[in-house]
Each structure stands twice: as C-alpha cells, then as structure tokens.
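Colleague: Generate coordinates for the sequence data below:
(2 chains)
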There are 2 protein chains.
Amino acid sequence: MTLSIVPIEGIGEIRPGDELAVLIADAARAQGTPLNDADCLVVTQKIVSKAEDRLVPLDPDDLDARRALVESESVRVVRRRGDLIISETRHGFVCANAGIDLSNVERGWAALLPVDSDRSAKHVRDALRAREHVEVAVIVSDTFGRPWRRGLTDVAIGVSGIAAVVDLRDTTDALGRVLQVTEVAVADEIASAAELVMGKATHVPAAIVRGVDPTWLREGSVRELIRPTNEDLFR
Amino acid sequence: MTLSIVPIEGIGEIRPGDELAVLIADAARAQGTPLNDADCLVVTQKIVSKAEDRLVPLDPDDLDARRALVESESVRVVRRRGDLIISETRHGFVCANAGIDLSNVERGWAALLPVDSDRSAKHVRDALRAREHVEVAVIVSDTFGRPWRRGLTDVAIGVSGIAAVVDLRDTTDALGRVLQVTEVAVADEIASAAELVMGKATHVPAAIVRGVDPTWLREGSVRELIRPTNEDLFR
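Modeller: Coordinates of the predicted model:
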C-alpha cells in the first residue's frame, strides 16, 4: 500500500492556549487535504510547546543561564563538551540540551519539551475526534542528533492511537523461518518521514501520513521507545 | 509537495549476479508504477548483498565462527555484551554484528555488507539510466539499532544521486533569524520512510520515494553521514 505524506501549510504562528486540533484541521481542509479516519497526524514539538505555553524567558547570550536551564530540565548529564550537554530528560529521552529549543522561538525565549507528550498527542487526537469527528493517530515529533552518525533526524516524543514500536518477533521471514528479534520503531520512522516534507524553516509544523499499516493503530506510548538503562550499553 | 512511498512487490528471490536495476524496473512497471525521473529508489542491503554475492557460509549455531566473522568484518569493537557485539565496520558504520545478517538468507549462509554501498547505489543508478532511460537517485538501506531508544530504524548505507546530509546552516528560520546548525540526515529519513512500506517479512525489498526536494538530487556519499571519531562523544 502506498504511503502519502502531505505537508499542512498555512497553520500560522501558534500562541499559548491555541487549540492545535482546530488550527491544523482548518489548514488541512483549506489546502484541499482534510484529515481522514486512520490518518496519522505528525505535529512538531515546537508548536505543541507553544500551544501548551512551555516557553520560558532566556537570554540566548547568557551561557550560564542556558546551562542552568538545561540542567534543571535534565535528570542526568550523559556527556558534556564545551557548551554542548547531552542529557537524559525526565521523560527518559537522551538528547542535546534537554530538548530545549531557541530556533523558531522569539528572541529572549526558549521552548521546553512538553511535560508529557503522549498526553499532548492524546489531547490533539481527542479534540479532533470531538470537534472534527475524525479518528486519527497523532505523533509529536522532535529533531534529535545521535551518536556515530552525522545529521539530525526527527523522532517521536509522544504518540496516541498508534504503536511506537512494532514487534516482529515470532513472525516468519520470507523464507519461512522464524525471525530473530525485530522490533521496528515505526513511530520514529513516521516522524522522520514527515520531516522530509517539513524542512526546518518553512512554516510547516504538521504533516499527514496516510496509509500506515492499520494494525499499528492501537493504543501506544512513547515509553515503548525508551530503552531501560540496564539494557543500554551507552549510558 | 506531497511525498509518495510506493512499495515494489514481485521482485522475487535475488541470486548472485542478478542485475537489480532490471528486476526492480520490471517489477515496478508490472505493478503499474514505473520508475520516473527524479524518483528516489530505496533498495535494501539484503538484496544488494545477494546480487553482489556477499554471501559466506556460516553455521548459525557455531557461536565461535559467528564471533570470528563479526570481528573480521570490524575495525573496532565498540561494546560487547554476551553474544552481542557493537562494532565499527571498515565503512565507518557502528552497528550490531558488523551488519552481518542471518535472516532472509538461506540457513547456513550469512550476508555481509556490500564492500562499498555508494558504489552499489551508483551501479543500480547507472544501469537504470542506461537500460531504462530514467534518471533516479538510489539509496541502499539497512536496519540498525541505536543507543537509548528501543526499536530498529532503517538508515542509508549507500547513496548515489542524492545528498546524504542537507545542511541548513545559513538559512533563516520562520521568524527571519539565522538558524543554528541544522544538518538533516535526509538519506536516513528517506530510508526510514521506505521501511514503513517494506515490513521485514513481506518480500518487499525496494520502494520508490517520489517527490523529494529536487535540490537534494546532487552527487552525495554516505561518508557525509559518518561522524568523525574526534567529533563523536560515544566511541
């Protein structure tokens, strides 16, 4: 089945208290691609954090204040080099600067990660069901770096109505043998796919991913993606 | 612009010496979605390794032989736990078991990574141009794990005719300010997007990604994705 990834343009600047579901559904309708049942809607962390008023004042030139903010949003520093801090957030994400973002935010402000991005995703999903009568999955995405490989990719930091990890253990491969462990991080792959139509500077903070495997559309949580520390060789 | 991701079915089992370009182009045509100029074709490592006869005999129950093979395909072991070896391959990839694969390969055989996956991608691309008169980008994908996050995602291990990393430094964000470093690993994101229509056990070893940003269609190399050891905090 073909997958389509449709950028949603014309959403405009998001302000604290905005109801993302309404703004996104209106923008999707206005461009002729209304949300459908079984779509997966990917929404960037940035507009979720803005709508939820996760903005805090921060002088971007005050490195001490910046470091203090990163540390206050972290439960553990994993690596530090110069101004760069790789830390674990209270959600269990390991990322640069505790996911705090200064780009696409007004100067003098920083956007913190949502308190609970699964809840943020569920809020958008519930509002779309209540107001637009459409049953979609929602993924909140963010842009993370990773060890060993250059370049950032978008990953899922919250999901609702979709599995984060799909477990293919116990299925058979094309030659009829039982596969070894194959757990696929489909929510991360969907977030990455959506990023391809968003760019970083183009006012496209949401995208529709249409045609995902319907068996993935179940209750999920981003916690499926958090590798427990005792399984992790790099913490 | 909408991105479409089209699985290519009916490619069949690949044998050493097969010309992938022809088999893939025929299968795409047969299902009514022929390759077009400016498409990005994603091909899994597995069929590239088979076509290039990167198969070696290996008794899957002989753990010593397996470990020796992994070590011979590695330039450095990064972590080891039980039977799991995370190592750096001579290409610079850091992955489990040097990328050696036992699934979807006949029992008693293992598939090594291509010697040079950029060259593999270029071979497919050149053959499609020569035989099918179509100018496409090609990405060879593989399935890797990563630290901190559960679940595997597909990444690029070779590219031809497309950038691996797109550098958004020097562009401005939506509020008109110059963005900080934003290098996006578009080849990895495209590989992940393609994986969403492939599954792991469904005989779909290739997909067409249609609608990628035309500015990405330039000469590229997977070396853009290899983080130099001196920049890497986790080796």
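Colleague: Name the residue closest to the centre of chain A, please.
Modeller: By C-alpha atoms, centre = their mean, the mean C-alpha position of chain A lies nearest to A:Ser141, the distance being 1.6 Å.
Colleague: Beta-bridge partners for it, please?
Modeller: For A:Ser141, the beta-bridge partners are A:Thr44, A:Ala156 (DSSP bridges).
Colleague: Pretty sure it sits against A:Val159.
Modeller: No - using C-beta atoms under 8 Å, A:Ser141 makes no contact with A:Val159, being 10.0 Å away. Every residue, glycine included, has its C-beta placed from N, CA and C.
Colleague: on that earlier part again, quick one: residues contacting the residue nearest to the centre of chain A.
Modeller: A:Ser141 sits next to A:Val42, A:Val43, A:Thr44, A:Gln45, A:Asp154, A:Val155, A:Ala156, A:Ile157, A:Ala191, A:Ala194, A:Glu195 when contact means C-beta atoms under 8 Å, 6 or more residues apart in numbering or on different chains.
Colleague: one more time with 6 Å, if that's ok
Modeller: A:Val42, A:Thr44, A:Asp154, A:Ala191 (C-beta atoms under 6 Å, 6 or more residues apart in numbering or on different chains).
Colleague: per-residue confidence at the third one?
Modeller: Note for A:Asp154: predicted pLDDT of 97.
Colleague: Surely it is in contact with A:Glu189?
Modeller: No - in this structure A:Asp154 lies outside contact range of A:Glu189 using C-beta atoms under 6 Å: 9.8 Å.
Colleague: any low-confidence regions in chain A?
Modeller: Flagging of chain A using pLDDT under 70 yields the residue ranges A:169-181, A:200-202.
Colleague: residue ranges of the strands in it, please?
Modeller: Ranges of strands in chain A, per DSSP state E, are A:3-7, A:40-44, A:55-57, A:74-81, A:84-89, A:94-96, A:109-111, A:137-144, A:153-160, A:166-167, A:183-184, A:206-210.
Colleague: how about the closest residue to A:Asp39 other than its chain neighbours, phi and psi?
Modeller: Nearest residue to A:Asp39 in three dimensions, chain neighbours excluded: A:Val136, at 4.7 Å (C-beta to C-beta, 6 or more residues apart in numbering or on different chains). Reported as degrees, to the nearest 10, the phi and psi values for A:Val136 are phi -120, psi 160.
Colleague: Pull up the gap between A:Val136 and A:Arg67, please.
Modeller: 39 Å (C-beta to C-beta, to the nearest Å).
Colleague: try A:Arg15
Modeller: Remark: distance between A:Arg15 and A:Arg67 (C-beta to C-beta) = 28 Å.
Colleague: Could you do A:Cys40 as well?
Modeller: Remark: distance between A:Cys40 and A:Arg67 (C-beta to C-beta) = 37 Å.
Colleague: Which one's more surrounded, these two?
Modeller: Counting neighbours by other C-beta atoms under 10 Å in any protein chain shown for A:Cys40 and for A:Arg67 shows that A:Cys40 has the greater number, 27 against 14.
Colleague: residues touching that one, list them.
Modeller: A:Cys40 touches A:Ala137, A:Ile162, A:Ile190, A:Val209, A:Val212, counting by C-beta under 6 Å, 6+ apart.
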